[in-house]
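J.: coords below, sequence missing:
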């Protein structure tokens, strides 16, 4: 297949598909961390190149739940939210027959379509929680490949405690990774599952 990985600098998802014999191209404003087929620039110039599958990771800063409170404290936040939503919706409207859009769970002000699935890295062999939403079009839901049972049970217990107003998810990716750039990288287990199940 001809696969576009939009807004990916790491090369992790791209290389998972390339290793399985597909032509995979990543595009981002940053250079790739793993050598391979990569374009530095605006992905909008590549959208109409006849892709069979597209996996998009649009910027989430102004769309996801952790940033919602800034809408009421930063004057320019609403205009940035509008631009971020417009960019996200480019992928939703794109006619590619098979596509996945990946982002953290959005806040209500983003007014995004309902996501198809929620996944965590601990469903794919990693001892970490990162609640990630997938918008799927022409693709089946991603099936967990290596569930870390203890971690999953521990995470669900922590969620219940949070809902009751107690505790934090200390093993969350937000605490485990030092920077936003590190947090944005796709986990290898998830990338492998995407390539195996959708490729």
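T.: Cool, the structure landed. Treat the numbers as computed from the prediction; the structure is a model and nothing was measured. Residues are numbered from 1 along each chain as shown.

J.: so who does the residue nearest to residue 134 when sequence neighbours are not counted touch?
T.: Spatially, and ignoring its direct neighbours in sequence, residue 134 is nearest to residue 117 (4.6 Å; C-beta to C-beta, 6 or more residues apart in numbering). Heads up, the C-betas are built off the backbone N, CA and C, glycines and all. Residue 117 makes contact with 133-134, 136, 141-142, according to C-beta atoms under 8 Å, 6 or more residues apart in numbering.

J.: and for residue 33?
T.: Counted by C-beta under 8 Å, 6+ apart, residue 33 has contacts 9-11.

J.: centre of the chain to the helix ranked longest in the chain, how far?
T.: The single longest helix within the chain, with elements called by DSSP state H, is helix 77-93. Chain-centre distance of helix 77-93: 15 Å, with C-alpha atoms, centre = their mean, to the nearest Å.

J.: that helix: what's the following helix or strand?
T.: Going down the chain from helix 77-93, the next helix or strand is strand 98-104, by DSSP states H and E.

J.: quick one: buried residues of the longest helix of the chain?
T.: For helix 77-93, the neighbour count (16 or more other C-beta atoms under 10 Å) marks 77, 80-81, 84-85, 87-88, 91 as buried.

J.: could those residues be laid out in a markdown table, adding pLDDT and distance to residue 67?
T.: Below are the buried residues of helix 77-93 laid out as a markdown table (pLDDT from 0 to 100; distance: C-beta to C-beta, whole Å):
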| residue | pLDDT | distance to residue 67 |
| --- | --- | --- |
| 77 | 89 | 8 |
| 80 | 91 | 10 |
| 81 | 90 | 9 |
| 84 | 94 | 10 |
| 85 | 96 | 13 |
| 87 | 97 | 15 |
| 88 | 97 | 14 |
| 91 | 98 | 20 |
